[in-house]
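Chemist: okay, predicted coordinates and the sequence, questions at the end:
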Amino acid sequence: MNIVVVGAQWGDEGKGKIIDYLAKDSDIIVRYQGGNNAGHTVVIGKEEFVFHLIPSGILHKDKLCIIGNGVVINPSALLQEIDTLRKKGVYIDSNLIISEQAHVILPYHILLDELRERRRKIGTTGRGIGPCYADKVGRVGIRIIDLLDEEIFAQKLKLNLKEKNELFKKVYGLKGFSFEKIFDEYRGYAKKIKKYVKNTTLILKEAIRKKKNILFEGAQGTLLDIDFGTYPYVTASNASVGGVCTGTGVSPKDIDKVIGVAKAYTTRVGEGPFPTEFEPQLMERVRLRGKEFGATTGRPRRCGWFDAVLVKYAILLNGMDELSITKLDVLDEMEKIKICVGYKYKGKIYREFPSNLRILYEGEPIYEEHKGWLQDTSRITSFKDLPPNAQRYLERLSKLLDIKVKLISVGSERSQTFSL
């Protein structure tokens, strides 16, 4: 079976943990979009593993992990991640394959990202992701396959630097970049990653023909999708299920199941509307209890009540078959728990997620209030053993969202996940 795991909120839903849980029944795990702006965390015992580019399925030694063509790759970050994981005892060799068609993040992408963020705050990670995707769409991007050919790489890099350095000089008053320095640095990266590079589309097509089980790992979340998210406060790629096809070359006909992941509450990082955001005191309480700090940047996440309007939109958009709920335990100490079921704006009630950001910024969330369970759920391993109010909360979410909740996570460790 070929399964896609996609975020149903603004990212940071715990997809890495769910991927790790599902990986044991898969043959291949594929990352299909984003870059090292992603941060997927898996905790095994006392050891924490944070993934930015490599699929978290790499923790299973017998699985093949693929970085698809839809991912933008900073070679330095990739090699550092490989080195860090190896030092923790993770086997990485022939079990990792990189698409030759993936695009490369270069130093000028990172600087452009930082400069633009200073002028207009979007809340990017400053990793050069957006400018790299912009060059891809502008047809001036440099792919991994280009990086491996010194002549082509030199030609493309010279043309790009001619344009980019002019921009840095005239718009930002900066000197720009040296061709020789970038060329030599990235030629060194090319030699180190060459052994991982292959035509991943053909590999996946062959795997599908042989009926292998493939797990597709999305980064960020649906509400950060470049087309369907809270634009412009979004990422630069398709973080929804559509990104699987363009990011791997796999046909929609070959996807058997879509699993959504949502927290038992809501978080987002950076700028943008957030209708259910907590007031400061409760924000800090939940942030500390849930360790809501970005795995990539360390930035504190904004926290709020579960937004059923938002998640239902993500479910419909992605055609999700089932939902996984993470961090249920973070709500253990709440006397009252709220669920947003609509927005009220200028006398009108909105039950569907709007594209107009004014409604999200200025509208008033309509809440249902539920009694908390005030019990520790972190050691529970089955639905029937959850406190009655926790069961009612999950059942209410399932009914509001019109989807089955199949997996529950009650802690950061691998063992703290159970199916319904």
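Modeler: Done, it's in. Residues are numbered from 1 along each chain as shown.
Chemist: list the buried residues of the worst-scoring helix or strand of the chain on mean pLDDT.
Modeler: Ranking every helix and strand in the chain by mean pLDDT, DSSP states H and E puts strand 40-44 at the bottom, with a mean of 81. By 16 or more other Cβ atoms under 10 Å, the buried positions in strand 40-44 come out as 40, 41, 42, 43. Where you see a C-beta, it was placed from the backbone N, CA and C, and this is true even at glycine.
Chemist: against residue 291, how distant is the last one?
Modeler: Read that as residue 43. 11 Å (Cβ to Cβ, to the nearest Å).
Chemist: what touches both of these two?
Modeler: Here residue 43 and residue 291 have residue 412 as joint contacts, going by Cβ atoms under 8 Å, 6 or more residues apart in numbering.
Chemist: so which pair among the buried residues of strand 40-44 is furthest apart in space?
Modeler: 40 and 43 (11.4 Å; Cβ to Cβ).
Chemist: for stretch 249-261, buried residues please.
Modeler: If you call a residue buried by 16+ other Cβ under 10 Å, then stretch 249-261 has these buried ones: 249, 250, 254, 255, 258, 259, 260, 261.
Chemist: residue 371: what's it in contact with?
Modeler: 335, 336, 337, 389.
Chemist: select from the residues you listed the one having the most neighbours.
Modeler: residue 337 (21 neighbours; other Cβ atoms under 10 Å).
Chemist: ok so, going back, against which helices or strands is the least confident helix or strand of the chain packed?
Modeler: Applying 3 or more Cβ pairs under 8 Å, 6 or more residues apart in numbering; DSSP states H and E, one finds that strand 40-44 makes contact with helix 15-23, strand 47-51.
Chemist: list the contacts of the following helix or strand past the last one.
Modeler: As assigned by DSSP states H and E, the chain's next helix or strand after strand 47-51 is strand 64-67. Residues outside strand 64-67 that contact it (Cβ under 8 Å, 6+ apart) are 27-31, 53-55, 57-58, 73, 95-99, 102, 200, 203-204, 248.
Chemist: partner strands of strand 64-67, parallel or antiparallel?
Modeler: Partners of strand 64-67 in the sheet, by DSSP bridges, are strand 28-31 (parallel), strand 96-99 (parallel).
Chemist: closest to residue 226 out of the ones you listed?
Modeler: strand 28-31 (17.0 Å).
Chemist: tell me how far that closest one lies from the chain's centre.
Modeler: Centroid displacement of strand 28-31 relative to its chain, using Cα atoms, centre = their mean, to the nearest Å, is 14 Å.
Chemist: any weak-confidence spans in the stretch 151-300 of the chain?
Modeler: 295-296 (pLDDT under 70).
Chemist: in strands, which of the contacts of residue 371 fall?
Modeler: Within those, residues falling in strands by DSSP state E are 336, 337.
Chemist: what is the nearest of the contacts of residue 371 to residue 116?
Modeler: residue 337 (38.9 Å).
Chemist: how close does that closest one sit to residue 181?
Modeler: Distance from residue 337 to residue 181, by Cβ to Cβ: 54 Å.
Chemist: list the residues that contact residue 59.
Modeler: Residues in contact with residue 59 (Cβ under 8 Å, 6+ apart) are 20, 23, 42, 44, 49, 90.
Chemist: once you drop chain neighbours, what's closest to the fifth one?
Modeler: This means residue 49. residue 42 (4.8 Å; Cβ to Cβ, 6 or more residues apart in numbering).
Chemist: next: the fourth one.
Modeler: Across the structure, with Cβ to Cβ, 6+ apart as the measure, the residue nearest residue 44 apart from its sequence neighbours is residue 414 (5.0 Å).
Chemist: buried set for the longest helix anywhere in the chain?
Modeler: Longest helix in the chain, counting residues (DSSP state H): helix 150-170. Across helix 150-170, burial judged by 16+ other Cβ under 10 Å covers 153, 156, 157, 160, 161, 164, 165, 168.
Chemist: and what of stretch 370-389?
Modeler: Using 16+ other Cβ under 10 Å as the test for burial, stretch 370-389 gives 370, 372, 373, 377, 380, 386, 387, 389.
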